[in-house]
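>>> Sequence and predicted structure are below.
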There are 2 protein chains.
Amino acid sequence: VSVLTCAVANQKPLKLDSRSLADKDERTKREDGVTEESPMRLRMEEFIREKQKEIVFALEQIDGKAFRLDEWQRPNGGGGLSCVLQDGSVFEKAGVNISVVYGTLPKAAIDKMRVNHKNLPDEEQLDFYALGLSMVLHPHNPMAPTVHLNCRYFETMKPDGTSQAWWFGGGSDLTPSYLFDEDAIHFHKTLKDACDKHDKDYYPRFKKWCDEYFCNKHRGEARGIGGIFFDDLDETVVDAENGFAFIKEVLNSFLPSYLPIIEKRKDMPFTPTEKEWQQIRRGRYVEFNLVHDRGTAFGLNVPGSRVESILISLPLTAQWRYMHEADPKSREQRLVEVLQNPKEWV
Amino acid sequence: VSVLTCAVANQKPLKLDSRSLADKDERTKREDGVTEESPMRLRMEEFIREKQKEIVFALEQIDGKAFRLDEWQRPNGGGGLSCVLQDGSVFEKAGVNISVVYGTLPKAAIDKMRVNHKNLPDEEQLDFYALGLSMVLHPHNPMAPTVHLNCRYFETMKPDGTSQAWWFGGGSDLTPSYLFDEDAIHFHKTLKDACDKHDKDYYPRFKKWCDEYFCNKHRGEARGIGGIFFDDLDETVVDAENGFAFIKEVLNSFLPSYLPIIEKRKDMPFTPTEKEWQQIRRGRYVEFNLVHDRGTAFGLNVPGSRVESILISLPLTAQWRYMHEADPKSREQRLVEVLQNPKEWV
């Protein structure tokens, strides 16, 4: 694997030489299976793989077309499974991906992480493990919103492979081209219910975080109408068991949050002008993902990364139309106003 | 003007409070006109405005449709003129823009610049002036290449407005979806001739710089088939008069480098499959401009920047098709090979 010299987001390239830890985990999974006694990274991985299957199956029922599955290995440990549906009858492009990275953090990266994770030891380098499920669905119909979900688990490991520092992150957010208040309310309500079962503070904090994170700062507008975003959920916030339980809740709430919306919108009539507006909004989606998204920058910077899996988040088609402006009082303008002033939906 | 807090490319936002210098320059231009005795920034600006008119006129002759002109002011000094042709008969989107920034560099930015410009004084802040002409033409026909040209002048100023440190930068490069060797040779030959009149070392150095700079490092392929790229042409390389003469040469060679190519390709027949390949290549163009291009990152980070002028470089339409691969031995595959292994054309 050639180490990328490209300074995406000014990160130092990460070294990958954790082959032995990856092998050890593979052996454990094969010989002992995964139980409640297993390391969290194996439990999390097992759960995520199960949910990926379930979500892909549900989306295939809606679309009628099968996903293409690409399993891939990372030369130095880890790999992933990319499930992609392109040119479907409902989805222009839908990606449901899992990826696993075993690697080594250099000192500079450790120092940066220690700002948010005080218990990271002050070492020259640390083995790490990163696992994520990432999903973006772009429907054809401009009345049907794009949806994104991510959940991830990160840990550093001692030389014997036991966990040292760890944290969970994730979230889910909705990006309509045409705003239906009932959809926005349903989506947020489902997420709020999931959050409230764990901590009443989660939803208000994570909704705010979402609006702040998914922001095209150069345009002064959010990418979408919100949802939840959270990161750095470590033992200062929640213990590992409850953190895992929360991640499960979020992932379990995905289909209930989105299926009723896509069912209602996928066959609505639309005009060529409405399709064009969707294409322009998709251009903004591309801008966020390539200019601002930390996950994309991290992915493109990891040596041996699978670029096609990372950029599956980009829509199949997008437009950039100079000085395109929505008519005052139009539905398009209402969306822009909400993107400029994020709204509380529940 | 609200100062963007967005850390595009990890640059610190630039402060803008050079109103008085901008006013002084305006007064000079109005009262004394621009002569060979004027400060370089005024001579450069005058020349660039003249070339913008000439290029816009020539492109209108080819397209048959008029450019839209948007003149704009920067609240604290400077502004620009954006000339845009969209949905033309030859060009899907063509932007020929000039922008002028008067601003103040903070210490961190000065320290960074001093690496390449030893004579920058070690001050807490410095007034600066930046001028650029930037042009990107995206034709409809997939046989006709996209072309980009940029030339820029940067200087820091003493409190009395006289020049302190200065440098020129610029270049021009070609991005075909279908490669015609004769076009690549003509384009590079024209640029080489322009370079050779000034310094025989320029062309080989600037061609190499171009291949290295316009590189989608995350994909291991160049954006296009090259041209020239240069930066930091200061008094260690060339005196101001000769630097200015070189910039004039580059800009004067633009129409001769591109017009014969667009004339030959604009009406060629093409298939829907060829149009789709063009759309995919346009997606890569977007990736470079949003992920790697320093000029775009700088622009989006300048307070009060005009986002629509900066992002005029993006094509009207683009596609991202998962795992799209060219057929072996196809024309598409030959292009990819040249992008992976940049070629000497003259």
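Here it is on my side, so go on.
>>> per-residue confidence at the most centrally placed residue in chain A?
What sits nearest the mean C-alpha location of chain A, by C-alpha atoms, centre = their mean, is A:Asn150, with 2.5 Å. Looking at A:Asn150, its pLDDT reads 97.
>>> hey, what's A:Pro233 bridged with?
One correction, residue A:233 is Leu, not Pro. A:Phe168 (DSSP bridges).
>>> Helix, strand, or coil at the residue nearest to the centre of chain A?
strand (DSSP: H, G, I helix; E, B strand; the rest coil).
>>> Who is it paired with across the strands?
A:Ser134, A:Gly171.
>>> residues in contact with it?
Applying C-beta atoms under 8 Å, 6 or more residues apart in numbering or on different chains to A:Asn150 gives the contacts A:Gly132, A:Leu133, A:Ser134, A:Met135, A:Gly169, A:Gly170, A:Gly171, A:Ser172, A:Gly295. C-beta here means a position set from N, CA and C on the backbone, and glycine is covered the same way.
>>> Setting the sequence-adjacent residues aside, check what's closest to the fifth one.
Across the structure, with C-beta to C-beta, 6 or more residues apart in numbering or on different chains as the measure, the residue nearest A:Gly169 apart from its sequence neighbours is A:Asp231 (4.0 Å).
>>> Where does that neighbour fall, secondary structure wise?
Element membership of A:Asp231, judged by DSSP states H and E, is strand A:226-233.
>>> in terms of contact count, name the helices or strands touching that strand.
Using 3 or more C-beta pairs under 8 Å, 6 or more residues apart in numbering or on different chains; DSSP states H and E, the elements in contact with strand A:226-233 are strand A:163-175, helix A:181-196, helix A:202-213, helix A:240-252.
>>> could you list every residue that touches A:Glu325?
A:Glu325 neighbours (C-beta under 8 Å, 6+ apart): none.
>>> hang on, the earlier thing: ok and the strand holding A:Asp231 relative to strand A:163-175, angle-wise?
Taking axes from the mean of the first three to the mean of the last three C-alpha atoms, to 10 degrees, one finds strand A:226-233 and strand A:163-175 inclined to each other by 170 degrees.
>>> And strand A:226-233, what's buried?
Buried residues in strand A:226-233, counted by 16 or more other C-beta atoms under 10 Å in any protein chain shown: A:Gly226, A:Gly227, A:Ile228, A:Phe229, A:Phe230, A:Asp231, A:Leu233.
>>> coming back round to it: dump the contacts of A:Asn150 to CSV, plus neighbour count and pLDDT.
Below are these laid out as CSV (neighbours: other C-beta atoms under 10 Å in any protein chain shown; pLDDT from 0 to 100):
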residue, neighbour count, pLDDT
A:Gly132, 22, 95
A:Leu133, 27, 97
A:Ser134, 24, 97
A:Met135, 26, 98
A:Gly169, 18, 97
A:Gly170, 22, 97
A:Gly171, 23, 98
A:Ser172, 26, 98
A:Gly295, 15, 89
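>>> Show me which pair in the residues you listed is furthest apart.
A:Met135 and A:Gly169 (14.6 Å; C-beta to C-beta).
>>> so where's the stretch 1-150 of chain A shaky on pLDDT?
Scanning the stretch 1-150 of chain A for pLDDT under 70 picks out A:1-19.
>>> All the helices of it, in order from the start?
A:19-32, A:40-63, A:107-114 (DSSP state H, counting those that start in this stretch).
>>> Next, the buried residues of the longest one.
Under the neighbour-count criterion of 16+ other C-beta under 10 Å, helix A:40-63 has A:40-45, A:47-48, A:51-52, A:55-56, A:59-60, A:62-63 buried.
>>> do the same with the first one
By 16+ other C-beta under 10 Å, the buried positions in helix A:19-32 come out as A:Leu21, A:Ala22, A:Asp25.
>>> Now do the residue lying closest to A:Arg205 once chain neighbours are set aside, the pLDDT please.
The shortest distance from A:Arg205 to any non-neighbouring residue, by C-beta to C-beta, 6+ apart, is to A:Phe230 (7.6 Å). A:Phe230 is assigned a predicted lDDT (pLDDT) of 98.
>>> For A:Ser313, see how far away A:Phe230 is.
19 Å (C-beta to C-beta, to the nearest Å).
>>> my guess is A:Pro139 contacts A:Ser89, does it?
No. Here A:Pro139 lies out of contact with A:Ser89, judged by C-beta atoms under 8 Å, at a distance of 10.1 Å.
>>> Looking at these two, which has the bigger crowd around it?
Per other C-beta atoms under 10 Å in any protein chain shown, whichever of A:Pro139 and A:Ser89 has more neighbours is A:Pro139, with 24 against 12.
>>> Specify the beta-bridge partners of the more buried one.
Judged by DSSP bridges, the bridge partners of A:Pro139 are A:Phe91.
>>> which ones are touching it?
A:Val90, A:Phe91, A:Glu92, A:Pro145, A:Thr146, A:Ile262, A:Arg265, A:Lys266.
>>> near chain B, which residues of chain A?
A:4-6, A:8-10, A:68, A:70, A:84, A:86, A:93, A:95, A:217-219, A:279, A:283, A:286-287, A:290-292, A:300, A:305, A:307-308, A:311-312, A:314-323 (C-beta under 8 Å from any C-beta of the partner chain).
>>> Filter those residues down to the ones in strands?
Using DSSP state E, the subset of the residues of chain A next to chain B located in strands is A:Arg68, A:Asp70, A:Val84, A:Gln86, A:Lys93, A:Gly95, A:Thr317, A:Ala318, A:Gln319.
>>> Restricted to buried residues, select these in PyMOL.
Buried members of these, defined by 16+ other C-beta under 10 Å, are picked up in PyMOL with:
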select buried, chain A and resi 70+84+86+93+95+317+318+319
